[in-house]
Structure formats: C-alpha cells, structure tokens
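J.: Coordinates only, no sequence provided:
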C-alpha cells in the first residue's frame, strides 16, 4: 500500500484525487487543505508517507516552501514529490525543482495522466526501497572487511553521503551564486581510534558522529559528507551565517546522551572540532566544490596532534581491547 499525502486548497482537486487514488488500487490517500495542516499530519503520523502531491499556489506556506520543508526531513530526502500547478511559468517550475520537486502535474488534472505519474512515483519509490536494502546489505558486508583510515566509505546514516555525492550535488546547481556556509567536522584523535579498534567499531563510531552532525543541523537545508580520516565536510544553504560553536555544542550533547561504546571497551565519546572552511558566503556550485576539494587536500589528518601523543593517548585503550581483537 502506497501512502500519499495530498495538499491542495481546492476541494474539487482533492475530490478528484480521492476518486482516482483508491485503496482498491493499492493507494492510501490522506488529504489536507493547507501546508500547515500537512506539517501537523506528518509530525503526528505513526508511519511515513511514500509520496507527496503538493499544490504550488496556496495561501500561507506555498507548495514550494512546503517541498523544501519536506526535503529537510532526513527520511524524505528522496521520496517522490509531485507538484500540482495551473502555471507553466519556467521560473516557477525551476524554483520547485530547486526545492526538491520530482515531477509536475498541470491543472486541470487528467485522471489517466494522474495515474501514470503516480505509477511512475510508485516505481521510483520501489526502486529507492530496493536501493536502501541493497546498501544495507552492502554495509553489513563492508563492516566485515578492513577499511583504510583515509577512505571516505559510505556510512549507514540518512542525510550523510560521500564526498563524490556532495560534489555532484554542487556541480548540478543552476548557474549563478548561492548563499551557503562551508564547514568541516573533525574527530580528535581519529587515527588513534582507528588503530585501537576493529573496522566495524571504527565505522560505528563515525556513524554516531554523523548522526550527531545531522541532529545539530536539523531544520536547515544542508548536505553532509564523510571524507575519511575521521573528518566530515558539508554545506548549509542559507543566508544566515552558520554558528559553528552552537553546532559543536549540540553535537557534544547528542553524543553524550546517545553514545554507544561497543567495541571500544565502553570508551567515551570523542571530542569534535567544528570549523568554517571560509568566511566567504556567496558561491557558485563549481567554486564551492573546488574550495571543499582544496580544503580536503590541505587538511592534516592529525589536526596538529603529534603521532607519539596519539600513541600515548590510546595506549591504554589498545591494551584493554587487545584480547577482544
């Protein structure tokens, strides 16, 4: 059963959708007349939705803004979002695509076209599900293998990708300049942690840091990537300057509350450093991608900590877990 949330302030459109998308056709349709109501339904729902139908022109929060808000929810980063509009204005359609829209339906709605677009969305959703399952299986297999310290391996964390995926996103941005903050996150003593534990434990710890990072960015439009060597890079799309000190504090609090020291002999959560890559605020997608790549190439993985200091720092830990290796 495909769960669909439809948002339109026109009751005629909602009646048409209700008539076309029935349980007999394996659809579970929820309708509402405003973005505000849709956000309440999403928050209160016990099960996530598989697809969204959004009218662009609505009073209050319009469909494009709602689309952005939906994409800000980690689970909904890739689900199909179909926009409903009476306008074919290219600029409006581009804004919707920039906000994360998957497809368009033009008013007046045609029942055959509606079914075709929903079927396409259904197939896309099924494909995404298979991909998530395949990635989960691959992650389990990868955890059994040794990983390099500097490897930017995939983490099983929603909203955290690898560096290539982040670069691809930036390079696909439309031409022009965008307000964004470029930032980095590094795990203090990461090399010592890597040498002290098995590959699955190191991966789990990086995943916990990734989850804390995503938590600290909640409510923002961001893209985060693991770059290897216990470091992350990312961008926040916003006119407001990113407060890295506040972000670091939220990460620290989240790790303290949720840290799992399995495979580390119950070790404490690591210390983190959060920095702005640059004070520059306006970037094209290409220039932002180049700047992050330049930053990674010039980054010292030890972050100023001498190797013998790391050895001393983790010597007791290595001894404590040696029997478990």
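T.: Cool, the structure landed. All of these numbers come straight from a predicted model, not from anything done at the bench.
J.: So what's the residue count around residue 119?
T.: Counted with other Cβ atoms under 10 Å, the neighbours of residue 119 add up to 12. Every C-beta, even on glycine, is put in place using the N, C-alpha and C of the backbone.
J.: Equivalent analysis for residue 169, please.
T.: By other Cβ under 10 Å, the residues close to residue 169 number 16.
J.: How much space separates it from residue 209?
T.: Here residue 169 is placed at a distance of 21 Å from residue 209 (Cβ to Cβ, to the nearest Å).
J.: Ok, residue 64 next?
T.: For residue 64, the distance to residue 209 equals 33 Å [Cβ to Cβ].
J.: Specify which residue of the two has the higher count of neighbours.
T.: Shown here are residue 64 and residue 209; by other Cβ under 10 Å, residue 209 has more neighbours (28 against 23).
J.: residues in contact with the more buried one?
T.: The contact partners of residue 209, by Cβ atoms under 8 Å, 6 or more residues apart in numbering, come to 185, 187, 230, 232, 251, 255, 270, 272.
J.: Test my guess that the fifth one contacts residue 214.
T.: No - using Cβ atoms under 8 Å, residue 251 is not in contact with residue 214; the gap is 9.6 Å.
J.: With neighbour numbers in mind, choose between the two.
T.: residue 251 (22 against 19).
J.: OK, contacts around the more buried one?
T.: Contacts of residue 251 (Cβ under 8 Å, 6+ apart): 185, 209, 212, 213, 215, 216, 272, 274.
J.: what's the pLDDT at the last one?
T.: Each residue has a pLDDT score; the one for residue 274 is 95.
J.: Next up, the contacts around it.
T.: 183, 184, 185, 244, 245, 247, 248, 251.
J.: in what helix or strand does the third one lie?
T.: Same thing as residue 185. In this assignment (DSSP states H and E), residue 185 forms part of strand 178-187.
J.: Run through the neighbouring helices and strands of that strand.
T.: Strand 178-187 is packed against helix 199-216, strand 231-237, helix 244-258, strand 272-276, strand 282-283, helix 285-297, with contacts defined by 3 or more Cβ pairs under 8 Å, 6 or more residues apart in numbering; DSSP states H and E.
J.: before we move on, the earlier item: could you dump the contacts of residue 209 to JSON lines with distance to residue 76?
T.: Below are the contacts of residue 209 laid out as JSON lines (distance: Cβ to Cβ, whole Å):
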{"residue": "185", "distance to residue 76": "24"}
{"residue": "187", "distance to residue 76": "28"}
{"residue": "230", "distance to residue 76": "29"}
{"residue": "232", "distance to residue 76": "22"}
{"residue": "251", "distance to residue 76": "23"}
{"residue": "255", "distance to residue 76": "25"}
{"residue": "270", "distance to residue 76": "30"}
{"residue": "272", "distance to residue 76": "27"}
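J.: Going by neighbour count, which of these comes out on top?
T.: residue 230 (27 neighbours).
J.: you'd agree it is up against residue 191?
T.: Yes - between residue 230 and residue 191 there is a contact under Cβ under 8 Å: 7.3 Å.
J.: re the thing from before, remind me what the helix or strand that the strand holding residue 185 is followed by packs against, helices and strands.
T.: Sequence-wise, the next helix or strand downstream of strand 178-187 (DSSP H and E) is helix 190-196. The contact analysis (3+ Cβ pairs under 8 Å, 6+ apart) places helix 190-196 against helix 199-216, helix 307-321.
J.: still on that earlier bit, got a winner among the contacts of residue 274 for most neighbours?
T.: residue 185 (25 neighbours).
J.: Wait, it touches residue 229, no?
T.: No - applying Cβ under 8 Å as the test, residue 185 and residue 229 come out as separate, 11.7 Å apart.
J.: Distance-wise, check residue 243 relative to residue 236.
T.: Look at residue 243 and residue 236: by Cβ to Cβ, they are 10 Å apart.
J.: follow-up on the earlier one: could you dump the contacts of residue 274 into JSON lines with distance to residue 203 added?
T.: Below are the contacts of residue 274 laid out as JSON lines (distance: Cβ to Cβ, whole Å):
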{"residue": "183", "distance to residue 203": "23"}
{"residue": "184", "distance to residue 203": "20"}
{"residue": "185", "distance to residue 203": "16"}
{"residue": "244", "distance to residue 203": "25"}
{"residue": "245", "distance to residue 203": "28"}
{"residue": "247", "distance to residue 203": "23"}
{"residue": "248", "distance to residue 203": "23"}
{"residue": "251", "distance to residue 203": "18"}
